[in-house]
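*Asks:* Provided below are the primary sequence and the corresponding predicted coordinates.
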Amino acid sequence: MRPGGSATPPLSGCLDTVDRAESTPEVAQPYAELGLKPDEYARICEILGRRPTSSELAMYSVMWSEHCSYKSSKVHLRQFGDKQPEGGWPQLLVGIGENAGVVDVGDGWAVTFKVESHNHPSYVEPYQGAATGIGGIVRDILSMGARPLAVMDPLRFGPADAPDTRRVLPGVVAGIGGYGNCLGLPNIGGEIVFDATYAGNPLVNALCIGAMRHEDIHLASAKGVGNLVVLYGARTGGDGIGGVSVLASETFDADGPAKRPSVQVGDPFMEKLLIECTLDVLHAGLVEGIQDLGGAGISCATSELASNGEGGMHVHLDRVLLRDPTLSPEEILMSESQERMCAVVTPDHIDAFMDICRMWEVEAVVIGEVTDSGRLTIDWHGDRIVDVPPRTVAHEGPVYDRPMHRPRDLDALAADDANALARPHTAEDIRATLLRMVASPNLASKSWVTSQYDRYVLGNTVLAQPEDAGMVRIDEESGLGVAVSTDCNARFVRLDPYEGAKLALAESYRNVAVTGARPLAVTNCLNFGSPEDPEVMWTFAEVVRGLADGCLELGIPVTGGNVSFYNSTADTAILPTPVVGVLGVIDDVERRSPMAWGPDGEIIYLLGDTREDFAGSEWAHVMHGHLGGVPPRADLARERLLADIAIAGSRDGMLTAAHDVADGGVAQAIVEMALRSGVGARVWAPDQVTDMATFLWSESPGRAVVVVPRSEEMRFTAMCAARGLPAHRIGAVDSGLGADTGYADQQVLQMGDVVVTLAQIREAHDATFPALFGA
Amino acid sequence: MKIGVVTFPGSLDDRDAARAVGLAGGDAVSLWHGDDDLKGVDAVVLPGGFSYGDYLRCGAIARFAPVMRTIVERAGQGLPVLGICNGFQILCEAHLLPGALTRNDHLHFVCRDQRLRMERVDTDWTNSFAVGEEIVIPLKNGEGGYVADDATLDRLEGDGLVVARYLDVNPNGSRRDIAGISNPSGTIVGLMPHPEHAVESLTGPSTDGLGFFSSTIRSLVGIGS
């Protein structure tokens, strides 16, 4: 324990103490520059019975920012808690409100997972923005007491060939890799989607999964009067000051000042030490409460810990170890320096706690203690600079029920029917469409990106990209594992926010189920434009309603997540993008279904119904640049049935492979399965579907392609018939097809009358990213 | 057979190396960087990761760790040592093996299932393989380009000290496609790809990596070289 900071307070001449605030009510304060509205400032004065000190103002401004307070979204997000089955969710151990929700996966194991946004920092400084996005979400998982197991990144960028995308994407990918690889967490999946609306507003979301024994669950609360508050990890610096209030809660203004100083800088090596050190102090039973430092730094950690605990805490801010001794107390309170944690420790345990920190070469200092004063008080070299009721900072911020209006163009969009677009009919046109589709940026191989991520570290990765879901083993003895997928077709959401949100949920649910895992819980990252735009707000409300209804129907709770507003440049808002992550559990990962099919002769089945569903499809986007029409309805009862069949089929050895049908339709699903296995196949349309383009590229939900060994065919089709799930025999795996079709010695895919070699498809599929972003 | 696995601050694949030792039939013993006691182990694995954050230069700080003093001393007396990825970098920094590992020529981190050809199979770590045997194990590195001057490379090749070479593609710009090398007596091996990630068909591209760990157990009981 060394004293930090400088020996003499740098701003002693003008230190704004509580006494000074009381005696100088007339001082004008820069609340607007800190992102507070006049009425919000007035409310702070009313709470305190005086004007806030500059330190208090700093704390309220970051904690009442949109990013930290959810002030525009709170009234809607309540539905995630309100819409639940009678008696509550049986699988939920810790619900929304903590750093991350926790679900029971059986055998005494608990799993926590969460997705968050780091959109704005990643646009300003792609490498550090994306890197610290990983760092932040990993600390959220760690602070629940879990060992982080894996990460994944749902990403959205502007047009693939836009110059700015070439700046942002390689930097984001390098940042995710640079941080995650060095941290030693496998990156097992995610998404990369391009759309013009993300130009200038890329979405960089980060998801982390962690596991722990039930008894190891920890919460963020400062309990026990007299217990010590320890700040440990990296020193506090001047980076990231005002990150949440400046970056994440305002629209970018082309003429505004450079925002770079608001982006944090990450040190994954320190984070790795912090993980091991934290798990050691938790397992040694030395911690009463724990909180990570992310957005809003010390302001957030101290006020949330106090608010969740006894309600009182006293902090000596001058004890904080600093990277830059000239920092003012306001800056220390607002700094978002990375790789820091805050723990509440009893005086009996403090020496043992410090010993473990020393072993990991992690600096730690006692900055305060838990009190029963009901106040959060902070001193700076003996002068009182903060004296506030912590709940008013952490939990009782402003709440807005913002005006909402249905987007005026929705009816016109719906009337612009995508099913009327010209479709290919001849074999030649279908072949050309196939090759163009598999090479289009959203459907092309993402291995240029994912080969920059370590998917092997920790040795428990069972499935990773490009599989439907990432799957990791959590118990080497029993084979218990979890699978996670993130998904969102934002075009569906744009056309119909309520159904689109359900469709995103359904797709993620399906992706988990086809691997053989039983979906259990949901996390979401709701990326939207400005909440001050009534049309954005209406869309947001519809999305939340759709997700909450959908979760209830599917029987899986939302355990946590994140809202990112202000994703707009000038007048252009992004496509509404509620990224939905679904977590599933599988009793034995050996029973998983991968997407690669096996040997010759296996039979390919399409499960579900295919309709003319081109609205919002990748085909309409790529071939016609079209966005319009009425997207398909989400039939969640059907999704549950499909999941049951896929899970039973995997578990009982009836399936050798399974793959979700979504973006790019059946054609894309078949292509991905063939490329993954390297073996050709003959595929035909089921009787139900007469139009080949509909069979190949329609995006009707509730479908999956599964591959069944001949010996299991009777059993599998009987199960589908008994349960009422349509199962169409659409093909057979055939490694000898080349000889029959004029391509001797080559692996060939035949779809109806169209014949194409796997080599030709692979060349088209693989070339896109290297051509755009360099070899 | 007790095989030590060292954990430095920033080691990442230490648990994986210990798992591989166990699956190969050995007993893995954790060794701590700050402790110069090797706890009576019969061989040592320096695992992959980013020891000390790769700050200064990969492996440059780790070579000064107390545990390394003992390892260098014991390696000189014939203790078998395998350095994987960051461990290979540490062995080069400690001058137990010649040459150095530099930034990949394409400047990206790369993670791929890599085909290798085994060339020297009389070392303590490769005696389960056959000369010319082709194996597939994961490769993941940002600074895996093996470099040395031509005289050193000629000597490595002339003396048959190259343990494995990359096939299909050279993933990081290594001179002469070198993926791993050994000391003349074959007790010390440095390998850039990761055999510990190819020990279970469930989680790896193959189980080809097991051979490295079973080799040392064979030689320790007197079956191998």
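*Replies:* Cool, the structure landed.

*Asks:* make it CA atoms for all contacts and neighbour counts henceforth
*Replies:* Fine.

*Asks:* near chain A, which residues of chain B show up?
*Replies:* For chain B, the residues in contact with chain A (C-alpha under 8 Å from any C-alpha of the partner chain) are B:9-10, B:12-13, B:15-16, B:49-50, B:52-53, B:106, B:108-112, B:138, B:140, B:197, B:202-204.

*Asks:* Any of these buried? List them.
*Replies:* Buried by 16 or more other C-alpha atoms under 10 Å in any protein chain shown: B:9-10, B:12-13, B:15-16, B:49-50, B:52-53, B:108-112, B:138, B:140, B:197, B:202-204, out of the residues of chain B next to chain A.

*Asks:* Need the residue closest to the centroid of chain A.
*Replies:* Most central residue of chain A, judged by C-alpha distance to the mean C-alpha position with C-alpha atoms, centre = their mean, is residue A:115 at 2.7 Å.

*Asks:* So which residues make contact with the host helix or strand of that residue?
*Replies:* In the assignment (DSSP states H and E), residue A:115 maps to strand A:109-117. Contact partners of strand A:109-117, identified using C-alpha atoms under 8 Å, 6 or more residues apart in numbering or on different chains, comprise A:93, A:100-105, A:133, A:137, A:141, A:144, A:146, A:203-214, A:523-525, A:527, A:559-564, A:581, A:583.

*Asks:* now with 6 Å?
*Replies:* A:100-104, A:204-214, A:523, A:525, A:561-562 (C-alpha atoms under 6 Å, 6 or more residues apart in numbering or on different chains).

*Asks:* Just give the closest residue to residue B:8, not the sequence neighbours.
*Replies:* Leaving aside its chain neighbours, residue B:8 sits nearest to residue B:33 (5.0 Å; criterion: C-alpha to C-alpha, 6 or more residues apart in numbering or on different chains).

*Asks:* For the least confident helix or strand in chain B by mean pLDDT, output the C-alpha coordinates as PDB.
*Replies:* None of the helices or strands of chain B scores lower by mean pLDDT, DSSP states H and E than helix B:210-220, at a mean of 94. What follows is helix B:210-220, C-alpha atoms only, in PDB (Å, rounded to 0.1, in the frame of the first residue of the first chain):
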ATOM      1  CA  LEU B 210       0.400 -36.000 -28.600                       C
ATOM      2  CA  GLY B 211       3.500 -37.400 -30.100                       C
ATOM      3  CA  PHE B 212       5.700 -34.600 -28.800                       C
ATOM      4  CA  PHE B 213       4.700 -35.300 -25.200                       C
ATOM      5  CA  SER B 214       4.700 -39.100 -25.500                       C
ATOM      6  CA  SER B 215       8.200 -38.800 -27.100                       C
ATOM      7  CA  THR B 216       9.700 -37.300 -24.000                       C
ATOM      8  CA  ILE B 217       8.000 -39.900 -21.700                       C
ATOM      9  CA  ARG B 218       9.400 -42.600 -24.000                       C
ATOM     10  CA  SER B 219      12.900 -41.200 -23.800                       C
ATOM     11  CA  LEU B 220      12.700 -40.700 -20.100                       C
END
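
*Asks:* Nearest to chain B: which residue in the stretch 251-400 of chain A?
*Replies:* residue A:269 (4.8 Å; C-alpha to the nearest C-alpha).

*Asks:* and residue 167, how many residues sit next to it?
*Replies:* All of this refers to chain A. 14 (other C-alpha atoms under 10 Å in any protein chain shown).

*Asks:* that answer is for a different chain, and I need it for chain B
*Replies:* By the measure other C-alpha under 10 Å, the count of residues near residue B:167 is 17.

*Asks:* show me what contacts it?
*Replies:* Per C-alpha under 6 Å, 6+ apart, neighbours of residue B:167: B:115-116.

*Asks:* Give me the local confidence score for it.
*Replies:* As predicted, residue B:167 sits at a pLDDT of 98.

*Asks:* before we move on, the earlier item: is the residue nearest to the centre of chain A bridged to anything, and to what?
*Replies:* Beta-bridge partners recorded for residue A:115 (DSSP bridges): residue A:207.

*Asks:* if I look at it, how far off is chain B?
*Replies:* Residue A:115 is 24 Å from chain B, where distance means C-alpha to the nearest C-alpha, to the nearest Å.

*Asks:* Residue A:579 now?
*Replies:* 26 Å.

*Asks:* what angle do the helix or strand where that residue lies and strand A:109-117 make?
*Replies:* Using DSSP H and E, the element containing residue A:579 is strand A:577-586. Counting by axes from the mean of the first three to the mean of the last three C-alpha atoms, to 10 degrees, strand A:577-586 points 170 degrees away from the direction of strand A:109-117.

*Asks:* Over strand A:577-586, what's the mean pLDDT, rounded is fine.
*Replies:* Throughout strand A:577-586, pLDDT has a mean value of 98.

*Asks:* just stretch A:592-603 next, same as before
*Replies:* Taken as a whole, stretch A:592-603 has an average pLDDT of 93.

*Asks:* who touches the strand holding residue A:579?
*Replies:* Strand A:577-586 is contacted from outside by A:480-488, A:490, A:505, A:508-509, A:517-527, using C-alpha under 6 Å, 6+ apart.

*Asks:* Name the residues of the stretch 101-250 of chain A found near chain B, please.
*Replies:* Taking C-alpha under 6 Å from any C-alpha of the partner chain as the contact definition, the stretch 101-250 of chain A meets chain B at A:182, A:184.

*Asks:* any idea where the strands of the stretch 101-250 of chain A begin and end?
*Replies:* Counting by DSSP state E, counting those that start in this stretch, the stretch 101-250 of chain A has strands at residues A:102-106, A:109-117, A:147-157, A:187-194, A:203-213, A:228-233.

*Asks:* Chain B: helices as residue ranges?
*Replies:* For chain B, the helices defined by DSSP state H cover B:14-23, B:66-76, B:86-93, B:150-158, B:210-220.

*Asks:* Pipe those into CSV and attach distance to residue A:57 per row.
*Replies:* As requested, the helices of chain B are arranged in CSV below (distance: least, C-alpha to C-alpha, whole Å):
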stretch, distance to residue A:57
helix B:14-23, 47
helix B:66-76, 49
helix B:86-93, 47
helix B:150-158, 65
helix B:210-220, 60
